[in-house]
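A.B. asks: got a predicted structure plus its sequence, pasted below:
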Amino acid sequence: MARRIISSHDEDGLPEPGTRRTGSGPRAVVSHAGTAGSTGTAGTETSRRHGRTARSAASGGKPAGETAVRKGFVDMRRMPSEDMVAKTLNETAGVLGVPTRPKIVDFNARLKERRRMSLKVIAIRTAAALAALAAVSALVWLLFFSSVFRLETSRISVSGGNDWVSSSDILSIAGKQSGRSLLLVSTNDVASQLKNIPGVTEATVKKQFPNSLSVTVKAQQPAAMLKGPGNTLVAVDSQGRVLNQVGDASTDGIPTIDVANVERSLGSKAVKEALKVLGSLPDSLRSTITKVTADTQDSITTELNGGEHVVIWGDSSDLALKQAIVDKILPDPNVIGDKKQVDVSAPSRPIIK
């Protein structure tokens, strides 16, 4: 007669020896096959005891009711379950939650896409570079080549000329900048060129954007008239440069120096010193000079009012101090008295006689 006994599985999921599993799951129905009578019962008990002893030894002496974990064994029952269907639906869900087709990576298509993106980046960068170059070119053309900033001769204004320095001479120099962009015009260069005109002592050049130029000069009267043979008169400035008479310029009030030869006298040191002295005198004193003598470079002498007074200047050194002494002595009758000559060649010790 056969007996049916319900027993628990071992951790390895194998039935006890001599048993047959019926059903499935953690608890199964096990049937022991044996002979009828006491022999079958005794064999079954013996087998069960041997099984418990083996399980106790395998679990380190723990009771048979406790679970033993074998080294290197993965218990699938203890691993978290994962619903692969739900996971796939979540990964392939569209914007509105509608399942879509899962992505399939096509490496050839991906490579082509990367190439297209690279070409697109190159095209964008090239277009940006060309746009920047076009903008710079347009700006350069506007500033330096267009008519917006182009200086024309009609836009150059000149002031400060006199009877000995004509405005046309000034305009001829400033007009050399005509046709250029006002940004390229150097005001310092133009001013330096204007100062080379005989009679010009100062020059100021200002830009008036977008395309105008203002030129102002300070022109002096001739420092002296060089009188050569045949009563030839040549006007010269304080630097010995010959001035060009403009129209009917008057020579009244301009000191005259008698010379044997006008051209050679321009290189004479005595004449150069005399021109420096005469060029530094105020107009009120210059207008009273009737004769100038320059025998040597340190004996410059001027006669005032036809010989009423004579001033010996010496050379052109310490002119400011010498002028101050002369201005102090000549107008004061108590100082000059009946004397006619004032020697300031040594300004620290003026001599009146």
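C.D. replies: Done, it's in. Bear in mind the structure is a predicted one, so any value in this text is a computation, not a measurement. Numbering: from 1, shown residues only.

A.B. asks: quick check: mean pLDDT of stretch 299-314?
C.D. replies: What stretch 299-314 shows for mean pLDDT is 92.

A.B. asks: burial of R241, as a residue count?
C.D. replies: By other CB atoms under 10 Å, the residues close to R241 number 17. No exception for glycine: its C-beta is placed from N, CA and C like everyone else's.

A.B. asks: show me what contacts it?
C.D. replies: The contact partners of R241, taken as CB atoms under 8 Å, 6 or more residues apart in numbering, are P198, G199.

A.B. asks: let's go with 7 Å and repeat that
C.D. replies: R241 is in contact with P198, counting by CB atoms under 7 Å, 6 or more residues apart in numbering.

A.B. asks: ok, now A274?
C.D. replies: Applying CB under 7 Å, 6+ apart, we find A274 in contact with A224, I257, V292, A294, I300.

A.B. asks: now E273
C.D. replies: Counting by CB under 7 Å, 6+ apart, E273 has contacts A294, Q297, I300, D315, S316.

A.B. asks: can you flag which of the contacts of A274 belong to helices?
C.D. replies: Nothing among those maps onto helices, per DSSP state H.

A.B. asks: show the buried residues in the contacts of E273.
C.D. replies: A294, Q297, I300, D315, S316 (16 or more other CB atoms under 10 Å).

A.B. asks: element containing the residue nearest to the last one when sequence neighbours are not counted?
C.D. replies: To tie it back to what came earlier, the one meant is S316. Of all residues not flanking S316 in the chain, K276 sits nearest, at 3.9 Å (CB to CB, 6 or more residues apart in numbering). K276 belongs to helix 269-280 when assigned by DSSP states H and E.

A.B. asks: which among the contacts of E273 gets closest to V200?
C.D. replies: S316 (20.4 Å; CB to CB).

A.B. asks: quick check: that closest one is in a helix.
C.D. replies: No. With DSSP: H, G, I helix; E, B strand; the rest coil as the criterion, S316 is assigned coil and is not in a helix.

A.B. asks: quick check, it in contact with G279.
C.D. replies: No. Under the criterion of CB atoms under 7 Å, S316 makes no contact with G279, lying 9.2 Å away.

A.B. asks: just to revisit the earlier point, and for the residue nearest to S316, the neighbour number?
C.D. replies: K276: 19 neighbours (other CB under 10 Å).

A.B. asks: and what of the one 3 residues further on?
C.D. replies: G279 has 22 neighbours, counted by other CB under 10 Å.

A.B. asks: so it makes contact with A224?
C.D. replies: No. Using CB under 7 Å, G279 is not in contact with A224; the gap is 8.1 Å.

A.B. asks: tell me where the protein has strands.
C.D. replies: Here the chain has its strands, by DSSP state E, at 3-8, 19-22, 27-32, 156-159, 200-208, 212-219, 224-228, 232-236, 256-258, 289-294, 300-304, 309-314, 341-343, 351-352.

A.B. asks: thanks a lot, catch you later.
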